[in-house]
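Colleague: starting from these lines, generate the structure:
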Amino acid sequence: MPAPTAETSGDLPCHQCGYDLRAHPHDGKCPECEASVAESVRVTAIPGRPSWRNSDPRWRRRVLAGTWTLVLLPLVDMLNTLGWAKNVPVPTVFDYRHTVRTLDDTLLCSGMDVYEPLVFCIGVALLCSNERGRRPSTLDWTRRWGVLCSYVVLLLSAAQVLFIVALVLLGIAALLQSMPPKYQPGTTELFVDVSTANLRYGPHPQEIASLVLVAFSSIAILLACVPLFDALRSSGRKAFAAVLLVPLALFALVYVAQVGWSIVSDPRVGSQELFGYQTYFWPELLIATFTGRQTDWSASGSVVSPLVETTKWCVLFVTAVWLTAGLLLTRWRGRKTPAA
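Modeller: Residues are numbered from 1 along each chain as shown. All right, here's what the predicted structure looks like:
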């Protein structure tokens, strides 16, 4: 009998199909999927879940930035409620009478809801960024689909703006087509194609679009819980990470179920409470809860929605503070080790 070698001393699953390759040489191939045994050895040597200190530094920064970005989601509503947006100056590009000079004059504080979908998309995309230096996981698909869902949320949130732009382009195209053919500019056909394609295939500002928006934002947060869980358990205990993120995942599942029930029953009759969670969060309700300002929902006397919104925001805030403390501790240890 030959002596045990490195190939046969430990578990060696195939990196594609999971077949046990302990009895196969390193220069061979998997008998099930023809994958290289050497590649499986290389993948097995990579840690499955490195610690927060040994994880990808770029991934650490992006996860931390994405968490704090979602924490700052109620920022504009807070500035508008307290009246501070009128005192925040913005840089001017063109100096004329109607120049935008304060934050209150920008699209971020307008009634078109630009800030919340944009911040939500940026935050989820940062959370779902790729991580280097670890073994591939079966849940890596959640990162790609999380980014895709965030893009869909941003697109559906701009449905009203895109619809108005399509109507304007259609009017310009109709005006150009009324001219004699020899005087029509070359962009006439482009205006016609873009406007008609947007009106025919683009999202329309309807209630069904709002319900789909709630569903995609909830799914995006549900998928983003996977990288958040990886970050929390690499910097602390696994049980703490699971308990902390349960409210986010649970509320996301509840919203998806409510959207499904509304679409099956009658999409034209949707709950006004459900429409408030178009970006999964309801910053206006959160600010009204802390400032005591009355809203249409708070005037009804219910405390369920304010409690839910406060819980979600507190979960994000605790997560951001925990990861920030872990990052600062990692940098402090990194500076202390060479000096020692």
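
Colleague: not counting its neighbours along the chain, what's nearest residue 76?
Modeller: With sequence-adjacent residues excluded and distances taken as Cβ to Cβ, 6 or more residues apart in numbering, residue 76 is closest to residue 115, at 4.6 Å. Just so you know, the C-beta spots here come from the backbone N, C-alpha and C atoms, and that holds for glycine as well.

Colleague: how close does the one you found get to residue 61?
Modeller: Residue 115 sits 23 Å away from residue 61, going by Cβ to Cβ, to the nearest Å.

Colleague: how many neighbouring residues does residue 29 have?
Modeller: By other Cβ atoms under 10 Å, 17 other residues sit near residue 29.

Colleague: which ones are touching it?
Modeller: By Cβ atoms under 8 Å, 6 or more residues apart in numbering, the contact list for residue 29 reads 35, 36, 37.

Colleague: and it, backbone torsions?
Modeller: With angles defined as degrees, to the nearest 10, residue 29 sits at phi -130, psi 160.

Colleague: mind listing the residues bridging to it?
Modeller: Beta-bridge partners for residue 29, by DSSP bridges, are residue 36.

Colleague: per-residue confidence at it?
Modeller: Looking at residue 29, its pLDDT is 83.

Colleague: one more: the one 3 residues further on?
Modeller: Reading off the per-residue confidence, residue 32 sits at a pLDDT of 77.

Colleague: quick check: it touching residue 24?
Modeller: No. With contact defined as Cβ atoms under 8 Å, residue 32 and residue 24 do not form a contacting pair (10.9 Å).

Colleague: more neighbours: these two, which one.
Modeller: Neighbours per residue (other Cβ under 10 Å) separate residue 32 from residue 24, with residue 24 holding more: 18 against 13.

Colleague: which SS class is the more buried one?
Modeller: The local conformation at residue 24, judged by DSSP: H, G, I helix; E, B strand; the rest coil, is coil.

Colleague: also residue 18?
Modeller: From three-state DSSP, the assignment for residue 18 is coil.

Colleague: can you list phi and psi of it for me?
Modeller: With angles defined as degrees, to the nearest 10, residue 18 sits at phi 90, psi 10.

Colleague: cool, residue 281 as well?
Modeller: Backbone torsions for residue 281, taken as degrees, to the nearest 10, come to phi -100, psi 160.

Colleague: give me the beta-bridge partners of it?
Modeller: With DSSP bridges applied, residue 281 shows beta-bridge pairing to residue 279.

Colleague: how far away is it from residue 323?
Modeller: 19 Å.

Colleague: then residue 157?
Modeller: The gap separating residue 157 from residue 323 is 27 Å, by Cβ to Cβ.

Colleague: which stretches of the stretch 1-150 of the chain form helices?
Modeller: For the stretch 1-150 of the chain, applying DSSP state H, counting those that start in this stretch gives helices covering 37-45, 57-71, 75-82, 115-127, 141-157.

Colleague: residue 184: which of the ones you listed is closest?
Modeller: The closest of these to residue 184 is helix 141-157. By Cβ to Cβ, the value is 31.4 Å.

Colleague: so the closest one versus helix 115-127, what angle?
Modeller: Interaxial angle of helix 141-157 relative to helix 115-127 (axes from the mean of the first three to the mean of the last three Cα atoms, to 10 degrees): 160 degrees.

Colleague: output the below-cut-off pLDDT ranges for the chain.
Modeller: Applying pLDDT under 70 to the chain picks out residues 1-11, 15-16, 40, 42-50, 91-101, 103-108, 110-112, 266-272, 292-304, 334-340.

Colleague: if we go to 50?
Modeller: Applying pLDDT under 50 to the chain picks out residues 1-9, 269-270, 299-301, 339-340.

Colleague: for it, what's the longest helix?
Modeller: In the chain, taking DSSP state H as the definition, the longest helix is helix 304-339.

Colleague: and that one, what's buried?
Modeller: Within helix 304-339, the residues scored as buried using 16 or more other Cβ atoms under 10 Å are 305-306, 308-309, 312-313, 315-316, 319-320, 322-323, 326-327, 330.

Colleague: any idea how far residue 324 is from residue 127?
Modeller: Plainly put, residue 127 is 15 Å away from residue 324 if you go by Cβ to Cβ.

Colleague: if we can go back for a sec, tell me the most buried of the helices of the stretch 1-150 of the chain?
Modeller: Each of these was scored by mean neighbour count; the highest is helix 115-127, a mean of 23, by mean count of other Cβ atoms under 10 Å.

Colleague: who touches that one?
Modeller: By Cβ under 8 Å, 6+ apart, the surrounding residues in contact with helix 115-127 are 62-63, 65-67, 69-70, 72-73, 75-76, 108-109, 146-147, 149-151, 153-154, 157-158, 217, 220-221, 224, 227-228, 278-281, 283.

Colleague: ok, stretch 144-154 next?
Modeller: Contacts of stretch 144-154 (Cβ under 8 Å, 6+ apart): 117-118, 120-121, 124-125, 127-128, 213, 216-217, 219-220, 223-224, 226-227, 279.

Colleague: many thanks, I have nothing further to ask.
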